[in-house]
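> Prediction below, plus the sequence it came from.
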Amino acid sequence: MTLLLFLRGYRVGAIATLPEFLDNIVAALKLRAGLDGVNIFSGPVDDLTAGKEAIVFGVEMISAENEYMTMPQVECWERYTVTGWTWVQKPGRDETVIKAARDRAFALLEELVDYLASVNTTTAATVAALGVDDARVESWRLTQFFGDGTRDCKLEYSVAVKANYTPA
């Protein structure tokens with residue numbers, strides 16, 4: 001568990017910001033009106049748990065790079081990438097259903113991008129909302145396929161995260 005405290009404007013953290021970031025982003029997205037009824041997870045889930053629409057974070061291994069630029073290793077500059085995907089499954093087989101699944105998958109990603117943009121106004125706002133200094137969607141990849149009477153769309157994305165904190 002990550003413990004972050006704010007002392008004189010500086011964050012003091014245990015060893016990493018990732019747990020707090022995942023907790024905060026999932027909680028915030030669950031409150032967005034455009035994501036009502038969408039399942040949102042901080043780690044991988046199976047198809048049945050994902051349901052017909054989902055946003056899933058942490059689907060691949062996450063490794064951080066830490067730089068200690070002050071002596072003796074007091075402040076930590078941390079960088080990592082969180083991969084995830086949006087998932088949409090629509091009943092039907094024709095072009096109209098293909099388009100609907102794809103459009104909805106991008107709409108789910110847009111909710112994530114819009115939320116991150118809304119809190120990335122200042123470092124203080126981003127820290128207050130997410131527990132990190134900066135988080136932005138840096139890439140995505142679309143996969144479309146069909147199931148038994150359904151059209152499925154998976155939109156994989158990467159969120160680049162940067163944080164600066166003082167390890168406890």
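The structure has been received and is ready for your questions. Residues are numbered from 1 along each chain as shown.
> okay, CA-based contacts and neighbour counts for the rest of this
Fine.
> Partner strands of the single longest strand found in the chain, with direction?
The longest strand of the chain (DSSP state E) is strand 150-167. Sheet pairing of strand 150-167 (DSSP bridges) gives strand 10-13 (parallel), strand 76-91 (antiparallel), strand 134-146 (antiparallel).
> can you put the ones you listed in JSON lines and add mean neighbour count, mean pLDDT and distance to V119?
JSON lines is the format used below for the strands paired with strand 150-167 (neighbours: other C-alpha atoms under 10 Å; pLDDT from 0 to 100; distance: least, C-alpha to C-alpha, whole Å):
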{"stretch": "strand 10-13", "mean neighbour count": "18", "mean pLDDT": "51", "distance to V119": "18"}
{"stretch": "strand 76-91", "mean neighbour count": "22", "mean pLDDT": "95", "distance to V119": "17"}
{"stretch": "strand 134-146", "mean neighbour count": "15", "mean pLDDT": "96", "distance to V119": "9"}
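> Need the distance between the two termini of stretch 88-95.
Using C-alpha to C-alpha, to the nearest Å, the end-to-end distance of stretch 88-95 comes out at 15 Å.
> actually stretch 122-138, not the one I wrote
Distance between the two ends of stretch 122-138: 19 Å, counting by C-alpha to C-alpha.
> For the chain, give me the ranges with low pLDDT.
For the chain, the stretches flagged by pLDDT under 70 are 1-14, 73.
> same thing but 50
Within the chain, the stretches with pLDDT under 50 are 1-10.
> Return the backbone torsion pair for L31.
With angles defined as degrees, to the nearest 10, L31 sits at phi -90, psi -10.
> Can you give me the distance of it to V113?
In this view, L31 and V113 are 15 Å apart by C-alpha to C-alpha.
> Fine by me, we can end here.
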